[in-house]
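>>> Fold the following and give me the result.
(one chain, ligands or ions: 2)
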Amino acid sequence: MKIKQARDAVRAAKSIAVLTGAGVSAESGIPTFRSNGGYWKTHRFEDLATPEAFKRDPKFVWEFYEERRRSMAAAKPNAGHVALAELEWRVPTFTLATQNIDGLHDAAGSRNVIKLHGDIWVLRCVACGREREDRSRLEVLPPRCGCGGMLRPGVVWFGEMLPDGAMTRSTEAVVTADVFLVVGTSARVFPAAGLIPLAVQSGVTVVEINPEATDFSSEVNYMLKGPAAEILPALL
Ligand code: BJW
Ligand code: ZN
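Numbers count the residues shown, from 1 in each chain. Ligands and ions are numbered 1, 2, ... in the order given. Prediction:
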């Protein structure tokens, strides 16, 4: 059985790297972007997830993010997040790079988390650059900084650089890992998706968990088809 072999690889690993995407939070009730019911099926990302869109219509962009903040605030980590948090305790070296902005890996207890696409709970001033964590309901949109400048969500939009050091740290974790788990990502967005072929070329054992195949499924060592909240607890 594939899952048994993958489990043996995980058990033997001294160093594990993980990449997660929206699918790991799907069973917490948070929509994905590109699967059924995903945001980019009904919304144009050009209108919502680019710096140009924010410049054009900050209120419109903020309404989208504030609605998501309210539903994410009510969401709880699922069995997949919890299994990954528990795995961190069992291996000497563990790094979790997530494309998710929802904070559910933190809520589940994961410690070494790299947030490749930022954090929806962080607000950043476009004028002075100051950041603050704020989970409260934002009554006035767009919210303002003490300096008078506009605040924006602390997430990474298309065409923007990832946070300083995030890809360097993730790359280092992946190429030095014994096992790389790729969970719930369509692997369509770069540079995050590039970690998968990098792992394959580096001879790292790659285990993909997803109900659907991705462009990299034929290259990974084990493709475990199914929802993360079922497969991860069974695997780990
Ligand atoms: C389940 C499940 C269950 C469902 N269990 N699984 C090379 C080639 C071409 C273009 C580029 C390139 N390199 C860079 C680019 C440009 C661009 C890019 O990648 N474009 C592509 C679309 C082609 N990348 C960027 O712009 C990045 N920045 C950058 O490269 O900077 C340098 C640069 C600057 C300027 C010019 C050129 C280079 C930044 C990318 C930022 C992405 N931002 C978003 C929004 C974040 C904020 C927000 O949430 O609103 O990040 S877009 C969105 O996609 C979000 C996600 O993190 C990201 C990835 O999506 P993810 O997580 O994979 O979700 P889905 O929905 O796609 O997939 C869900 C998966 O789950 C599916 O496979 C399901 O089957 C599965 N699933 N249920 C397990 N229960
Ligand atoms: Zn400011």
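>>> Validate this expectation: residue 124 resides in a strand.
Yes - counting by DSSP: H, G, I helix; E, B strand; the rest coil, residue 124 is part of a strand.
>>> what's the distance between it and residue 138?
Computed with CB to CB, to the nearest Å, the distance linking residue 124 and residue 138 is 14 Å. C-betas here are computed from N, CA, C, even on glycine.
>>> what do you get for residue 201?
For residue 201, the distance to residue 138 - CB to CB - is 44 Å.
>>> Residue 30 now?
Using CB to CB, residue 30 is found at 19 Å from residue 138.
>>> Over to residue 130?
For residue 130 relative to residue 138 (CB to CB), the value is 16 Å.
>>> Residues of this structure that sit close to ligand 2?
Within the chain, the residues that sit near ligand 2 (CB under 5 Å from the ion) are 125, 127-128, 130, 145, 147, 149.
>>> Strands of this structure, start to end?
Along the chain, the segments classed as strands by DSSP state E run 15-20, 93-98, 113-115, 118-125, 131-133, 151-155, 179-183, 205-209, 222-224.
>>> Dump the ones you listed into a markdown table; add mean neighbour count and mean pLDDT as well.
Shown next, in a markdown table, are the strands of the chain (neighbours: other CB atoms under 10 Å; pLDDT from 0 to 100):
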| stretch | mean neighbour count | mean pLDDT |
| --- | --- | --- |
| strand 15-20 | 27 | 99 |
| strand 93-98 | 23 | 98 |
| strand 113-115 | 21 | 98 |
| strand 118-125 | 20 | 98 |
| strand 131-133 | 13 | 97 |
| strand 151-155 | 21 | 98 |
| strand 179-183 | 26 | 99 |
| strand 205-209 | 26 | 98 |
| strand 222-224 | 20 | 98 |
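>>> Including distance to residue 3, could those strands go into CSV?
Converted to CSV, the strands of the chain look like this (distance: least, CB to CB, whole Å):
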stretch, distance to residue 3
strand 15-20, 16
strand 93-98, 20
strand 113-115, 25
strand 118-125, 32
strand 131-133, 38
strand 151-155, 34
strand 179-183, 13
strand 205-209, 9
strand 222-224, 6
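>>> returning to that earlier point: show me just the buried residues among the residues of the chain next to ligand 2.
Neighbour-count burial (16 or more other CB atoms under 10 Å) applied to the residues of the chain next to ligand 2 gives 125, 145, 149.
>>> Residue 30 and residue 138: who's more crowded?
Neighbours per residue, other CB atoms under 10 Å: of residue 30 and residue 138, the larger number sits with residue 30, 20 against 16.
>>> for that one, what are its contacts?
Residues near residue 30 by CB atoms under 8 Å, 6 or more residues apart in numbering: 22, 71-72, 75, 102, 104.
>>> same thing but at 7 Å, please
72, 75, 102 (CB atoms under 7 Å, 6 or more residues apart in numbering).
>>> With distance to residue 44 and neighbour count added, can I get the residues you listed in a markdown table?
What follows is those, written out as a markdown table (distance: CB to CB, whole Å; neighbours: other CB atoms under 10 Å):
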| residue | distance to residue 44 | neighbour count |
| --- | --- | --- |
| 72 | 21 | 21 |
| 75 | 25 | 16 |
| 102 | 22 | 24 |
